[in-house]
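Trainee: Okay, predicted coordinates and the sequence, questions at the end:
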Amino acid sequence: MSPQSGSHAKARAWQAAQAATSGGTAQGAFAMKELAKLAKDFHDSQLQLTMAEMTLQGLQICEMHARTCVKSLVEAISPNHPQLAQDAAWA
């Protein structure tokens, strides 16, 4: 990895951490979860169906992506890559 790509990785990691703690990105999954719970109480069946389908799809995408992230961390834990294992252990 070149020094430039290392600084890009740090900058991108910082950006991800910021997105997780502020703004719409941080609230997206929470909002979908809350809207999914509210959908069962809607009186309009079309709105109920639309909201249920949209939130379910969004939550499933979020879950699949989280699984991919965790899988990457687990795969990083190997005797051949001690620094990757140490980074993954922090997560």
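Mentor: Yep, that arrived.
Trainee: What residues of the top helix by length along the chain count as buried?
Mentor: Longest helix of the chain, by residue count under DSSP state H: helix 45-76. By 16 or more other Cβ atoms under 10 Å, the buried positions in helix 45-76 come out as 51-52, 55, 58, 76. Every residue, glycine included, has its C-beta placed from N, CA and C.
Trainee: now for that helix, which elements pack on it?
Mentor: Applying 3 or more Cβ pairs under 8 Å, 6 or more residues apart in numbering; DSSP states H and E, one finds that helix 45-76 contacts helix 23-39, helix 82-90.
Trainee: what would those helices look like in a markdown table with mean pLDDT and distance to residue 17?
Mentor: Shown next, in a markdown table, are the helices and strands packed on helix 45-76 (pLDDT from 0 to 100; distance: least, Cβ to Cβ, whole Å):
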| stretch | mean pLDDT | distance to residue 17 |
| --- | --- | --- |
| helix 23-39 | 90 | 10 |
| helix 82-90 | 67 | 13 |
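Trainee: Now mean neighbour count and distance to residue 47 too, for those helices, in JSON lines please.
Mentor: Listed next are those as JSON lines, based on neighbours: other Cβ atoms under 10 Å; distance: least, Cβ to Cβ, whole Å:
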{"stretch": "helix 23-39", "mean neighbour count": "13", "distance to residue 47": "8"}
{"stretch": "helix 82-90", "mean neighbour count": "12", "distance to residue 47": "43"}
